[in-house]
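Q: Predicted model, plus sequence, below.
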Amino acid sequence: MTLLPETARQFDTQVAQAQLDGRAPSLVLGVVRDGALAHLAAAGEHPRPDVDLQYRLGSISKTMTAALIMQMRDAGRLALDDPLERHLPGTGLGAVTLRQMLGHASGIQREPEGDWWERTAGVDLTTLLAGLTADKIAYPPHRAYHYSNLAYGLLGGLLERLSGMPWADLLNERLLGPLGMRRTTYAATEPYARGYVVHPWHDTLREEPRTDTGAMAPAGQLWSTIEDLGRWAAFLADPDPSVLAAETVTEMCSPVVIGDLEAWTHGHGLGVELFREGNRVYAGHGGSMPGYIASLAVHRPTRTAVVGFANSYGLRTGRLGALSRRLLTLVLDREPAPLTPWRPAAAAPPAELAELTGRWWWMGTEIEVTADPAGDLHAGPVGAPDLRFVAEGPDRWRGRTGNQDGEILTVRRDEQGRAVALDIATFVHTRTPDQEP
């Protein structure tokens, strides 16, 4: 699905203006809709971007490291509330949990010891672990948001210990290969954009080193393209269950900690950043490495995303992440997702299910219960029953959405076996408002 011409024009204009004002050698942003790249906007000539040109992902690599941890959790190899010490003994970090580390609520200091890891040759895992002591807790765990690159280096080390494979090999086997992300690689692979720092006074370029970050690679090593990053965005919006269950990705996109307690516009899930823009929440992450910035912003309900790269260490004015979210809002405002047309049911539900449909009352409040072709019940306000219940056994249903998620609906019957009440988490609904609950 391509963008409408006027939407595309506005999108392209904003990208061109950002490249001009930001002094980026090259800038590229793409729109992903329903699993495919719907539009590409490129500006700058150093080099001219396209869908297959590699840039560095930086911290967007963390979202993939987190997905590997969640795969391990779903396979029963670990629990999110395990302390790191259970899997990497001797770190000196006490009871810090994997959940806290994934959500940047562990209090672990932001960077490893030594020279700036992003711009120097990385150390191996043994050396990284040898530098850990209890004083690496810079902030009390789970008291507040405290971003930590070091935490993700340690999570990568945990993955290596559990799997017996290098992090990069595990990533290729479990994520990149299955998702067809052939141009997402550990090291730069031609064609790729060289990365620069732009001099603030005379606009010359200084090329930055392309380091192998060693044990810190799980925090920011990867290289990718607009095409591949679009595939990752599409996966976060609509997961492939053979890679990671949809429920698990939703869990990743649920807040662990709020980053700004005053406005509640930024938070962090399990490896995924969360941004509130008006009434929408975008999931994704930003990324930077010397010479590069990257952005990933996904609106999961509409399966729409904006992904982007620049080959400069920041923009002179503005931020790539803010630009990506602003452009995502532009697309969603101007081109809402197409509505699915109503279609009549092929057949009426079975009698035992049909008996439960219709109007029910609780404490003077009316609700409506409907049945869908899959055999699920839906309950809620008349005309908009938005809570879904899935059958678990005779006259027993389990809530799967909203404030009834996980709660039990049971059917109460009279002596003749007729359904006379619905007990929804102890709130008893009857057929008329006059009946006692």
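A: Received it, and whenever you're ready, just let me know what you need. For clarity, every value in this text was computed on a predicted model and none was experimentally measured. Numbers count the residues shown, from 1 in each chain.
Q: Look at Leu27 and give its secondary structure.
A: Three-state call for Leu27 (DSSP: H, G, I helix; E, B strand; the rest coil): strand.
Q: What is the burial count for it?
A: By other CB atoms under 10 Å, 26 other residues sit near Leu27. Just so you know, the C-beta spots here come from the backbone N, C-alpha and C atoms, and that holds for glycine as well.
Q: Next up, the contacts around it.
A: The contact partners of Leu27, by CB atoms under 8 Å, 6 or more residues apart in numbering, come to 15, 18-19, 42-44, 49, 308-310, 320.
Q: repeat that for 10 Å
A: 15-16, 18-20, 41-44, 49, 293, 308-312, 315, 320, 323 (CB atoms under 10 Å, 6 or more residues apart in numbering).
Q: Please list only the buried members of those.
A: Neighbour counting with 16 or more other CB atoms under 10 Å marks 15, 18-19, 41-44, 49, 293, 308-312, 315, 320, 323 as buried within the contacts of Leu27.
Q: Would you mind measuring from Thr97 to Pro83?
A: 6 Å (CB to CB, to the nearest Å).
Q: So which of the two has more stuff around it?
A: Each of Thr97 and Pro83 has its neighbours counted (other CB under 10 Å); Thr97 has more, 20 against 17.
Q: residues near the residue lying closest to that one once chain neighbours are set aside, how many?
A: For Thr97, ignoring the flanking residues on the chain, the nearest one in space by CB to CB, 6 or more residues apart in numbering is Asp81 at 5.1 Å. Counted with other CB under 10 Å, residues neighbouring Asp81 total 10.
Q: dump the residue contacts of Leu98.
A: By CB under 10 Å, 6+ apart, the contact set of Leu98 is 66, 69, 72-73, 78-84, 86-87, 106, 151, 154-155, 158, 270.
Q: and the gap between it and Arg86?
A: Taking CB to CB, one finds Leu98 at 9 Å from Arg86.
Q: Over to Ala95?
A: Distance, Ala95 to Arg86, by CB to CB: 10 Å.
Q: From what I see, Asp135 and Gln109 are in contact.
A: Yes - the criterion here is CB atoms under 10 Å, and Asp135 meets it with Gln109 at 8.6 Å.
Q: ok, the two, which is more surrounded?
A: Using other CB under 10 Å as the criterion, Asp135 and Gln109 rank with Gln109 on top: 17 against 8.
Q: hang on, the earlier thing: for Leu98 and Arg86, list the residues in contact with both.
A: With CB under 10 Å, 6+ apart, Leu98 and Arg86 have common neighbours 78-79, 158.
Q: Which of these ranks first by neighbour count?
A: Within these, most neighbours by other CB under 10 Å means Leu158, with 25 neighbours.
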